[in-house]
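A.B. asks: what follows is a predicted protein model with its sequence.
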Amino acid sequence: EQRRDHTRALVAQALSGMSPAEIGKHAHRLGNELADDTGGIPAAEDKASNELGYHKTSDGRLDVRANLDAVAGEKLHSLVETLSAPKPQPDGSHDPRPAERKRADALETILELAQKGLADETVSCKPTGGVLLTIPADTPKLAALEFMGSVTPATAKTLGCDAGITVVIVDGDEVPLNVGREKRLFTPSQRKALLLRDKCCIKCGAPASRTQAHHLVSWVDGGATDLDNGCLLCTSCHHDVHDAGWDVVMGFDRHPWLIPPATVDPRRRPLPAYNRRTLRLDDAA
């Protein structure tokens, strides 16, 4: 009888011209009231129904599906929305990434921040859940991630910039020859020096806490791990440098400069780092 009364009320709202969204909100509130009266748990807040599934696709990607309760969903939604704000290009043009790409980049940033938070240097030398990249010494093009499998040399170079990645060089029998390499990663002191110089992501201005130390000349290609070969880049801009045609060079002033791809600037004129964006080439000359 109670269900029938509520159904009639909702039907009456529909006939009165209320939109489906408004009716849905009313039904949601009604369900919460009933749950509160009876001591039950509404579906939207039932953590026992939470699900997270993922599987590797045939093209080597990871397909993720989640069904979360309202609280967990709010946490995820809030963080993703906060971290997926548009980032204007260095020339002031709008962020070219579609909304789906921005949300995906935000999720990757969340994972990186979580990984950093899980790291306890007093117990372990690497973050819990750290990423493992294996590179065969004789065939470096066959580099592979522990769970996702083979990656391209370009991606391997990108991963080589990240302190959360453990690189293992193996021989033909997959026996480790060495783990990492002397000074492959920027030391805490060098990281502080980069922070003092760059302040933030040199391309978009993201806070330094969300950046990685990028080698201008890749460590894999023999680039040194020193201040004149490093800069700070957030995850999204890091991918732009490795995959979207952006270049970073060290200027005569010992500050990093960005060179946009021809699709952004046909003349590929150098741009100063974000924290020095007021500097003009005319002034420098």
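C.D. replies: Structure's in. What do you need?
A.B. asks: just how off-centre is the helix or strand harbouring G117 within its chain?
C.D. replies: Secondary structure assignment for G117, by DSSP states H and E: helix 99-118. Put simply, helix 99-118 sits 4 Å off its chain's centre (Cα atoms, centre = their mean, to the nearest Å).
A.B. asks: tell me the helix or strand right after it.
C.D. replies: Per DSSP H and E, the helix or strand that comes after helix 99-118 is strand 131-136.
A.B. asks: in its sheet, what does the helix or strand following that following strand sit against?
C.D. replies: Next helix or strand after strand 131-136 toward the C-terminus (DSSP H and E): strand 144-145. Here strand 144-145 is paired, per DSSP bridges, with strand 131-136 (antiparallel), strand 149-150 (antiparallel).
A.B. asks: what's in contact with the helix or strand following the last one?
C.D. replies: So that's strand 149-150. Next along the chain after strand 149-150, taking DSSP H and E as the criterion, comes helix 153-159. For helix 153-159, the surrounding residues in contact (Cβ atoms under 8 Å, 6 or more residues apart in numbering) are 131, 133, 135, 140-141, 143, 151, 165, 167, 218-221, 238-239, 242-243. Quick note: C-beta positions are derived from backbone N, CA and C, even for glycine.
A.B. asks: and those residues, which of them are buried?
C.D. replies: 131, 133, 135, 143, 151, 165, 167, 218-220, 238-239, 242 (16 or more other Cβ atoms under 10 Å).
A.B. asks: now render the residues you listed as JSON lines, adding distance to R269 and pLDDT.
C.D. replies: What follows is the buried ones among the contacts of helix 153-159, written out as JSON lines (distance: Cβ to Cβ, whole Å; pLDDT from 0 to 100):
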{"residue": "V131", "distance to R269": "36", "pLDDT": "69"}
{"residue": "L133", "distance to R269": "35", "pLDDT": "79"}
{"residue": "I135", "distance to R269": "36", "pLDDT": "82"}
{"residue": "A143", "distance to R269": "34", "pLDDT": "83"}
{"residue": "V151", "distance to R269": "33", "pLDDT": "78"}
{"residue": "I165", "distance to R269": "33", "pLDDT": "70"}
{"residue": "V167", "distance to R269": "35", "pLDDT": "74"}
{"residue": "S218", "distance to R269": "24", "pLDDT": "81"}
{"residue": "W219", "distance to R269": "28", "pLDDT": "75"}
{"residue": "V220", "distance to R269": "29", "pLDDT": "70"}
{"residue": "H238", "distance to R269": "22", "pLDDT": "88"}
{"residue": "H239", "distance to R269": "22", "pLDDT": "84"}
{"residue": "H242", "distance to R269": "21", "pLDDT": "82"}
